[in-house]
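K.L.:
Have a look at this prediction, sequence included:
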Amino acid sequence: MDLRSTEKNKELRDATAAVRARIASVIQEKIGDREELDTPIEGLTLVRRAHPIPPTPYLYEPSLAMIVQGAKHVVLGDASLWYDESQFLLTAMNLPTITRVVEATPERPYLSMVLKLDLTVAREIMAEIDLDGSDAGNGTAMAIGPATPELFDGVERLIGLLDRPKEIPVMSGLIRRELLFRVLTSPTGERLRQIVRIGTDGDRVARAISWLRENYAAPLKVADLADHCNMGVSTLHHHFRLMTAMSPLQFQKNLRLHEARRIMMCDNLDAASAAIEVGYESVTQFNREYRRMFGAPPIRHVRSLRTNTLPVAGAMQV
């Protein structure tokens, strides 16, 4: 897919070229040859990739991701998102995805930053400026929006604090709040507003996801999950699929397979032990579903990951 084809995208890339070049220089300086750097600024991670990364599973947390150079493809259920330097990626709730970096070279590496979003602060901002958080959602809880000069200006000032560590305790919170304000008030911000506002269908789906993350290994009865969220079964199914591009059972399966992959890599478990650990009763079913998601049987897939030193799925990847 050609991310550079639309005139609006080109205008945004041109308008932010200078500020992105300055940000890229700082990221390169701070991160060196590493692939990721968790900074002293709360919730801020810098990312560098010198080569394209094949499809890899990752669990996103509520976050704002902005690419400084390069491009990425994210698959959420049956939804597909492509974004580059002209767009930001908003993730409004915890979501299992398959991601790949599609533009990166040693001479021009993929560079990005991710900022975890504080949903409590988002509620405060909405209350202060009377932002609506209606139930009228029209897409998934992961979406792209325009990466404006104002957003990149805030990112530059936030990353610039790394050279002035004494200012971080005071200034970083103010700039993070500013960036959250700009996301909330953007057209894409509706996805976040409908989840942040307590009592909306988005808030109830977020509660369902929280329960699934904590109880992914337990048997799932959708009727019980619906009761937990104060929703009818059909209503839960409708809004859950609308916001995650999958059903609750598919979401649970994704969580189980992500976790099985992680513990086989990190804890050196065999496939049968990993399957039981994450809640599967049938190892054969686990092997079948694992191969369908990752393209290879569990042990062969994990062995190839170790050989190729690909990153292990953690809490978040950008």
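P.N.:
Here it is on my side, so go on.

K.L.:
where does the chain have its least confident helix or strand?
P.N.:
Ranking every helix and strand in the chain by mean pLDDT, DSSP states H and E puts helix 298-308 at the bottom, with a mean of 80.

K.L.:
same for that helix, what does it pack against?
P.N.:
Helix 298-308 sits against helix 248-266, helix 271-277, helix 283-294, with contacts defined as 3 or more CB pairs under 8 Å, 6 or more residues apart in numbering; DSSP states H and E. Every residue, glycine included, has its C-beta placed from N, CA and C.

K.L.:
List the residues that contact residue 129.
P.N.:
The neighbours of residue 129, taking CB atoms under 8 Å, 6 or more residues apart in numbering as the test, are 181, 185.

K.L.:
ah, wrong one, I meant residue 92
P.N.:
So, once contact is read as CB under 8 Å, 6+ apart, residue 92 ends up touching 62, 117, 141-143, 191-192, 195-196, 202.

K.L.:
One more: residue 211?
P.N.:
225, 228-229.

K.L.:
So which of the residues you listed are in helices?
P.N.:
Counted as lying in helices by DSSP state H, out of the contacts of residue 211, are 225, 228.

K.L.:
Any chance of CSV for the contacts of residue 211, columns pLDDT and neighbour count?
P.N.:
Conversion of the contacts of residue 211 to CSV gives the following (pLDDT from 0 to 100; neighbours: other CB atoms under 10 Å):
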residue, pLDDT, neighbour count
225, 96, 21
228, 94, 15
229, 93, 22
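
K.L.:
mind giving me the domain ranges of the chain?
P.N.:
7-196, 201-246, 250-308 (automatic domain parsing).

K.L.:
Tell me how far the last one lies from the chain's centre.
P.N.:
Here domain 250-308 shows a centroid-to-chain-centroid distance of 21 Å under the convention CA atoms, centre = their mean, to the nearest Å.

K.L.:
ranges for the helices of the stretch 101-250 of the chain?
P.N.:
119-129, 149-160, 168-184, 190-196, 201-214, 222-228, 233-244, 248-266 (DSSP state H, counting those that start in this stretch).

K.L.:
can you tell me which of these comes nearest to residue 26?
P.N.:
With CB to CB, the closest approach to residue 26 among those belongs to helix 149-160: 5.3 Å.

K.L.:
who touches the closest one?
P.N.:
By CB under 8 Å, 6+ apart, helix 149-160 touches 15-16, 19-20, 22-23, 26-27, 30, 41, 44, 46, 66, 88, 113, 115, 171-172, 175-176, 178-179, 182-183.

K.L.:
Determine the angle, from 0 to 180 degrees, between it and helix 168-184.
P.N.:
160 degrees (axes from the mean of the first three to the mean of the last three CA atoms, to 10 degrees).

K.L.:
How far off centre is helix 149-160?
P.N.:
20 Å.

K.L.:
quick revisit: can you say which of the contacts of helix 149-160 are buried?
P.N.:
Buried members of these, scored by 16 or more other CB atoms under 10 Å, are 16, 19-20, 23, 26-27, 41, 44, 46, 66, 88, 113, 115, 171-172, 175-176, 178-179, 182-183.

K.L.:
rewinding a little: now, of the helices of the stretch 101-250 of the chain, which is deepest in the fold?
P.N.:
helix 190-196 (a mean of 25; mean count of other CB atoms under 10 Å).

K.L.:
before we move on, the earlier item: dump the contacts of residue 211 to CSV, plus distance to residue 301.
P.N.:
CSV is the format used below for the contacts of residue 211 (distance: CB to CB, whole Å):
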residue, distance to residue 301
225, 30
228, 34
229, 34
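
K.L.:
on that earlier part again, between the helices of the stretch 101-250 of the chain, which one is closest to residue 11.
P.N.:
helix 149-160 (10.6 Å).

K.L.:
export that closest one as PDB, just CAs?
P.N.:
This file holds the C-alpha atoms of helix 149-160, laid out as PDB (Å, rounded to 0.1, in the frame of the first residue of the first chain):
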ATOM      1  CA  PRO A 149       3.000  20.300  13.200                       C
ATOM      2  CA  GLU A 150       1.500  21.100  16.600                       C
ATOM      3  CA  LEU A 151       1.800  17.400  17.700                       C
ATOM      4  CA  PHE A 152       5.400  17.100  16.500                       C
ATOM      5  CA  ASP A 153       6.200  20.400  18.200                       C
ATOM      6  CA  GLY A 154       5.000  18.900  21.500                       C
ATOM      7  CA  VAL A 155       7.000  15.700  20.900                       C
ATOM      8  CA  GLU A 156      10.100  17.700  20.200                       C
ATOM      9  CA  ARG A 157       9.700  19.700  23.400                       C
ATOM     10  CA  LEU A 158       9.000  16.400  25.400                       C
ATOM     11  CA  ILE A 159      12.000  14.600  24.000                       C
ATOM     12  CA  GLY A 160      14.200  17.700  24.400                       C
END
